[in-house]
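Enquirer: I would like to see how this sequence folds:
(2 chains)
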Number of protein chains: 2
Amino acid sequence: MRRQFAIKIAYDGTRYGGWQIQPNAPTVQQVIADAVAKATSEQVHVQGSGRTDSGVHAVGQIGSFVLESWNPPADRLVPAINRFLPYDIVVRECREVMIPFDPIRQAIKKRYRYTIRNAKVPDPMGNRFHWWIPKALDLDKMRLAAGFLIGTHDFKSFETLGSPRKSSTRTVYELTIEAFPSMDGQDLWIEIEADGFLYNMVRNIVGALWTIGSDRFSPQWMQTFLQMRARDTSSHTAPPQGLCLVQVTYPDLVYLDR
Amino acid sequence: MRRQFAIKIAYDGTRYGGWQIQPNAPTVQQVIADAVAKATSEQVHVQGSGRTDSGVHAVGQIGSFVLESWNPPADRLVPAINRFLPYDIVVRECREVMIPFDPIRQAIKKRYRYTIRNAKVPDPMGNRFHWWIPKALDLDKMRLAAGFLIGTHDFKSFETLGSPRKSSTRTVYELTIEAFPSMDGQDLWIEIEADGFLYNMVRNIVGALWTIGSDRFSPQWMQTFLQMRARDTSSHTAPPQGLCLVQVTYPDLVYLDR
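Expert: Residues are numbered from 1 along each chain as shown, chains lettered A, B, ... in the order given. Reported below is the predicted structural model:
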């Protein structure tokens, strides 16, 4: 019987050319499709909830595929697929979904986390997972600036040129900056939840927050920048390795086991 | 003027054949000695507070060396040395010490942390820094068992054969097991502070705690095992990647800047 599944995936993106299948680089999408094929003896296309760039990580990416003749419960696919995955990709969960399930269009919201290591010396153990900024950042100013971005706005100023979406209006539900003590400084978690994201939107927002936290611009500049509705090519884009796709939310009714 | 320095070092031990210089493998000691030589134009021997094995990490290893003609303040050595270190080794701090300073003999106590990822699925991002145990562990039993090890005892049962110390009596000041929520499970931090450690002592204690936490032996077995005062070759040694040297404590009077 034809069944469709949604898997929740975590990966360290360091070794991959991003999520999406492309020539000349191993991709997360391809490695997972190969593992599903080995586990089930069926060739599948794994559709993700969206792309992640090279070096970007995930703890809650969603992938979906159709199997023609898998009879066991959905959760048996977790160990079956993990057996054929390398150490840096893991399936956390598998649920059966209602056919046809479209993990891009049916997503209600997505949550990303960007990690900054704000400390005097670099961290020899976490350098693949954060952006190291030695100079102290002013969190109060960053939080003030972040406030201007919450709500429904045209985020064109935060969309990297090259692959424009039809509409650049998005709704940011949450934008929080948390600090945790870490070796010789602090770790900052910048978390953004929105109904969708433009190309490089999180990294461009973090780049703008950095210019404010390091006192190059005032918090109010964020509002001016947002209202420009055009990408300023001199603006800063935070590096990819600090970014992690944390969660993708779907309506409960897509799941057959709800 | 001849001066001696103590540096606090953090490293990811994954790529190294341990701390101590040896043929056929890059070692942390050698890489640091080379960096100091490049920074100061002086050939030095870097004496560590003790060895760490291949794959073991540190956030607070202490290394010491003598310079014949370094005139700036000690803390200037931090950026000077870090400039020549690879991404997985970093000098966090540098202080001048009273000649002659012996980082092995003058150490009062050392603290290690062992990290266990106790979760259903492996962590694609942290696999170099913990021991993954999928089966749920009984923390209450582990903590009960840990209690038997606190204090002054002959720890011969926890010394891996092959490089015996003269005396196997040590004093464990603290042995705590903390749990933190992590992806699909929890992270356990087993921290041990003692006046010194036998070869593989922390990894052998963690191996014993694991046999108790996974219900193969009762907590009271730890006491019996300790009292055997002999290493049972069938006992378990936890893998190296979960281990991290956290802190080495010296009497305040060794530091000239105290």
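
Enquirer: When you work out contacts or count neighbours from here on, use the C-alpha atoms and nothing else.
Expert: Noted.

Enquirer: Show me which parts of whichever strand or helix holds A:Q186 are buried, residue by residue.
Expert: Using DSSP states H and E, A:Q186 sits within strand A:185-194. Within strand A:185-194, the residues that qualify as buried are A:185-194, counting by 16 or more other C-alpha atoms under 10 Å in any protein chain shown.

Enquirer: Same check on stretch A:216-225?
Expert: Buried residues in stretch A:216-225, counted by 16+ other C-alpha under 10 Å: A:218-219, A:221-222, A:225.

Enquirer: now, among those, which is nearest to chain B?
Expert: Nearest to chain B among the buried residues of stretch A:216-225: A:S218, at 30.5 Å, using C-alpha to the nearest C-alpha.

Enquirer: and that closest one, what does it touch?
Expert: The contact partners of A:S218, taken as C-alpha atoms under 8 Å, 6 or more residues apart in numbering or on different chains, are A:141, A:212.

Enquirer: what does the stretch 51-200 of chain A have sitting close to chain B?
Expert: A:87-92, A:121-125, A:127, A:184 (C-alpha under 8 Å from any C-alpha of the partner chain).

Enquirer: how about 10 Å then?
Expert: A:57-59, A:78-79, A:82, A:86-93, A:120-129, A:183-184 (C-alpha under 10 Å from any C-alpha of the partner chain).

Enquirer: Just checking: what are the partner strands of the strand holding A:Q186?
Expert: Strand pairing for strand A:185-194, determined by DSSP bridges: strand A:109-119 (antiparallel), strand A:169-182 (antiparallel).

Enquirer: Just the CA coordinates for it, please, in CSV.
Expert: Below are the C-alpha coordinates for strand A:185-194, written out as CSV (Å, rounded to 0.1, in the frame of the first residue of the first chain):
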residue,chain,number,x,y,z
GLY,A,185,32.7,34.7,27.6
GLN,A,186,29.1,33.9,26.6
ASP,A,187,27.1,32.1,24.0
LEU,A,188,24.2,34.0,22.4
TRP,A,189,21.3,32.2,20.9
ILE,A,190,19.3,34.3,18.5
GLU,A,191,16.1,32.5,17.7
ILE,A,192,13.7,33.5,15.0
GLU,A,193,10.3,32.0,14.3
ALA,A,194,8.4,33.1,11.3
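
Enquirer: pLDDT on it, on average?
Expert: Across strand A:185-194, pLDDT averages out at 97.

Enquirer: With stretch A:237-246 instead?
Expert: 98.

Enquirer: contacting residues for A:Q186?
Expert: A:116-120, A:136, A:178-180 (C-alpha atoms under 10 Å, 6 or more residues apart in numbering or on different chains).

Enquirer: between these, which is closest to A:D252?
Expert: A:E178 (29.1 Å; C-alpha to C-alpha).

Enquirer: which residue sits closest to the closest one, ignoring its sequence neighbours?
Expert: Spatial nearest neighbour of A:E178, chain neighbours left out: A:W189 (5.1 Å); criterion: C-alpha to C-alpha, 6 or more residues apart in numbering or on different chains.

Enquirer: hey, where'd the strands end up in the stretch 1-150 of chain A?
Expert: Taking DSSP state E, counting those that start in this stretch as the test, the strands found in the stretch 1-150 of chain A are A:3-11, A:47-48, A:57-67, A:89-97, A:109-119, A:131-132.

Enquirer: What number of residues are in the vicinity of A:F180?
Expert: By the measure other C-alpha atoms under 10 Å in any protein chain shown, the count of residues near A:F180 is 10.

Enquirer: And the pLDDT for it?
Expert: For A:F180, the predicted pLDDT is 96.

Enquirer: Surely it and A:A119 touch.
Expert: No. If you go by C-alpha atoms under 10 Å, A:F180 and A:A119 don't touch, sitting 11.4 Å apart.

Enquirer: ok, back up a step: out of the strands paired with strand A:185-194, which one sits most buried?
Expert: strand A:109-119 (a mean of 23; mean count of other C-alpha atoms under 10 Å in any protein chain shown).

Enquirer: Next, the angle from that strand to strand A:57-67.
Expert: 150 degrees (axes from the mean of the first three to the mean of the last three C-alpha atoms, to 10 degrees).

Enquirer: what mean pLDDT would you report for strand A:109-119?
Expert: Average pLDDT, strand A:109-119: 98.

Enquirer: for stretch A:210-222, same thing?
Expert: On average, stretch A:210-222 scores 97.

Enquirer: One more: stretch A:147-167?
Expert: The average pLDDT within stretch A:147-167 is 92.

Enquirer: Show me which positions of it end up buried.
Expert: Buried, per 16+ other C-alpha under 10 Å, within stretch A:147-167: A:148-150, A:153-160.

Enquirer: cool, and stretch A:50-70?
Expert: Those would be A:50-67, A:70, for stretch A:50-70 by 16+ other C-alpha under 10 Å.

Enquirer: And A:G13, how far from A:D140?
Expert: From A:G13 over to A:D140 the distance is 31 Å, taken as C-alpha to C-alpha, to the nearest Å.

Enquirer: what about the two, which has more around it?
Expert: Neighbours per residue (other C-alpha under 10 Å) separate A:G13 from A:D140, with A:G13 holding more: 28 against 13.

Enquirer: who's in contact with the more buried one?
Expert: A:19, A:27-28, A:52-58, A:88-89, A:128-129, A:240-241, A:243-244, B:124-125.

Enquirer: ok, now which ones touch A:T152?
Expert: The neighbourhood of A:T152, defined by C-alpha under 10 Å, 6+ apart, consists of A:169-173, A:194-195.

Enquirer: Farthest pair within those residues?
Expert: Greatest spatial distance in the contacts of A:T152: A:T169 and A:Y173, 13.0 Å, computed using C-alpha to C-alpha.

Enquirer: Show me whatever sits in contact with both of these two.
Expert: A:152, A:195.

Enquirer: Can you report how many residues lie near the spatially closest residue to A:E68 that is not a sequence neighbour?
Expert: Distances taken as C-alpha to C-alpha, 6+ apart place A:R2 nearest to A:E68, at 4.3 Å, with adjacent residues excluded. By the criterion of other C-alpha under 10 Å, A:R2 has 10 neighbours.

Enquirer: What of A:N24?
Expert: Neighbour count of A:N24, defined by other C-alpha under 10 Å: 7.

Enquirer: Can you give me the pLDDT of it?
Expert: Confidence score, pLDDT, at A:N24: 88.

Enquirer: Okay, domains of chain A per the record?
Expert: Domain assignment for chain A by automatic domain parsing gives A:3-106, A:109-246.

Enquirer: So for B:G207, which of those domains sits nearest?
Expert: Using C-alpha to C-alpha, the nearest of the domains of chain A to B:G207 is domain A:3-106, at 23.0 Å.
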